[in-house]
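Undergrad: Return a 3D structure for these sequence lines:
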Amino acid sequence: MENGRNVTEFILLGLTQNPKMQKVIFIVFLALYMVTLAANLLIVVTITTSHALGSPIYLLLARLFLIDTIYSSSSAPKLITDSLYEKKVISFNGCMTQVYAERIFGGTELILLIVMACDRHVANCKPLHYMTVMNRKLCIIFVIVTWTGGFLHTTIQILFTIWLPFYGCNIIDHFMCDLYPLLNLVCMDTHSRGLFVVANCDFICLLTFLLLLVSYVVILHSLKNHSLEGRHKSLSTCISHIVVVILSFLPCIFVYLRPVITLPIDKAVAIFYTMVSPLLNPLINTLRSTEIKNAMRNLWNQKVNLHNK
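TA: Numbers count the residues shown, from 1 in each chain. You can find the predicted model right below:
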């Protein structure tokens, strides 16, 4: 037995066992995934190539959309390809790799949202000092902190999971590997492990979510001192960020802030935060940002001009 286990692979039950519905799932989620990749990468390219989008908030947004792209790719391709097969199998190492990828990119994104809230606080409460405070060096430090935090958060959880005793049952009633479905297969009392997952993930997630909401309330309150035009611009940006925070944090809180049990609705929630939310994030920020829309228009015009020449 290796690593205290004899399970070398897991069988995923997926979203449905109906062959006709699996074909529908393949078409729908392939289209959804391709649109997600196109939308996120388009904005990342737009921000990185546009001189007009040199503000720190756009640099942070580019990293958010890049993380969304990779995060969605940690589970979507497996779901799409599995819909073509009756038996959906993933190796033990592949399962742990998928869990690690989901956790590190999901955790890094949540920390990045905290950094973006700090950026908005400085931009609205100390606008005259914004470029001085949010300088390039500080932005690089913030990026390092987000990845370090995501790495530590994920590594601790995966080390507690990979050595657990998996014997016999290897059927996961899900379309991907996740901590709670895996803990339900462990041949030991996982109550303490479940409490650790909740403490390490959702208590922190819930506390951070509440702090973020309070910070945005403070930011919105500070807008009363701005001009009408400045207030409208800041309000538009803050509302976009608040919506992204809600879309990112609430599914995490719902799934993990409870005992180690799995519910039928967990699959729908997982679809939302792994595929729908990464698509909505760039749309929400793009539709409400005149600067990004203008930069995308200029980028398109440049490509058209080069093609004509």
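Undergrad: Tell me where the model's unsure across this protein.
TA: Scanning the chain for pLDDT under 70 picks out 1-5, 188-204, 226-227, 229-230, 258-260, 288, 304-309.
Undergrad: what residue is smack in the middle of it?
TA: residue 106 (4.3 Å; Cα atoms, centre = their mean).
Undergrad: ok so residue 10 is a strand residue?
TA: Yes. Judged by DSSP: H, G, I helix; E, B strand; the rest coil, residue 10 forms part of a strand.
Undergrad: which residues does it bridge with?
TA: residue 90 (DSSP bridges).
Undergrad: just checking, it touches residue 92?
TA: Yes. Shown here, residue 10 and residue 92 form a contact pair, counting by Cβ atoms under 8 Å, at 7.0 Å. In short, each C-beta sits where N, CA and C put it, glycine included.
Undergrad: neighbour count winner among these two?
TA: Set side by side, residue 10 and residue 92 show more neighbours around residue 10, with 22 against 18, by other Cβ atoms under 10 Å.
Undergrad: Do a quick rundown of the strands in the stretch 1-150 of the chain.
TA: Assigned by DSSP state E, counting those that start in this stretch, the strands in the stretch 1-150 of the chain fall at 9-12, 88-91.
Undergrad: what's the first one in contact with?
TA: Read that as strand 9-12. Contact partners of strand 9-12, identified using Cβ atoms under 8 Å, 6 or more residues apart in numbering, comprise 82, 87-92, 95, 170-172, 174-177, 185.
Undergrad: Please state the offset of that strand from the chain centre?
TA: Centre-to-centre, strand 9-12 and its host chain are 24 Å apart (Cα atoms, centre = their mean, to the nearest Å).
Undergrad: Just the buried positions in that strand, please.
TA: With burial defined by 16 or more other Cβ atoms under 10 Å, the residues of strand 9-12 counted as buried are 10, 12.
Undergrad: What of the last one?
TA: Of the residues in strand 88-91, those buried under the neighbour-count criterion (16+ other Cβ under 10 Å) are 88, 90.
Undergrad: Send me it as CSV with only the CA atoms.
TA: Only the C-alpha atoms of strand 88-91 are listed here, as CSV (Å, rounded to 0.1, in the frame of the first residue of the first chain):
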residue,chain,number,x,y,z
LYS,A,88,-15.3,8.9,-16.0
VAL,A,89,-12.0,8.0,-14.4
ILE,A,90,-9.3,10.1,-12.8
SER,A,91,-6.1,8.8,-11.3
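Undergrad: quick one: the closest residue to residue 153 other than its chain neighbours and residue 169, what's the gap?
TA: Closest residue to residue 153 in three dimensions, ignoring its sequence neighbours and counting by Cβ to Cβ, 6 or more residues apart in numbering: residue 107, at 4.4 Å. Counting by Cβ to Cβ, to the nearest Å, the gap from residue 107 to residue 169 is 28 Å.
Undergrad: re earlier: which of the contacts of strand 9-12 fall within helices?
TA: 82, 92, 95 (DSSP state H).
Undergrad: Just give me the closest of those residues to residue 296.
TA: Lowest distance from residue 296 to the ones in helices among the contacts of strand 9-12 (Cβ to Cβ) belongs to residue 82, with 34.3 Å.
Undergrad: Can you give me every residue that contacts the closest one?
TA: 12, 14, 88, 175.
Undergrad: Give the burial count for the last one, as a bare number.
TA: Read that as residue 175. For residue 175, using other Cβ under 10 Å, the count is 25.
Undergrad: these two touch, right, it and residue 14?
TA: Yes. If you go by Cβ under 8 Å, residue 175 and residue 14 touch, sitting 4.9 Å apart.
Undergrad: Please enumerate the shared neighbours of those two.
TA: When contacts are counted by Cβ under 8 Å, 6+ apart, residue 175 and residue 14 are jointly contacted by 79, 82, 88.
Undergrad: Tabulate those residues in a markdown table, adding columns for distance to residue 28.
TA: Listed next are the shared contacts of residue 175 and residue 14 as a markdown table, based on distance: Cβ to Cβ, whole Å:
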| residue | distance to residue 28 |
| --- | --- |
| 79 | 11 |
| 82 | 14 |
| 88 | 17 |
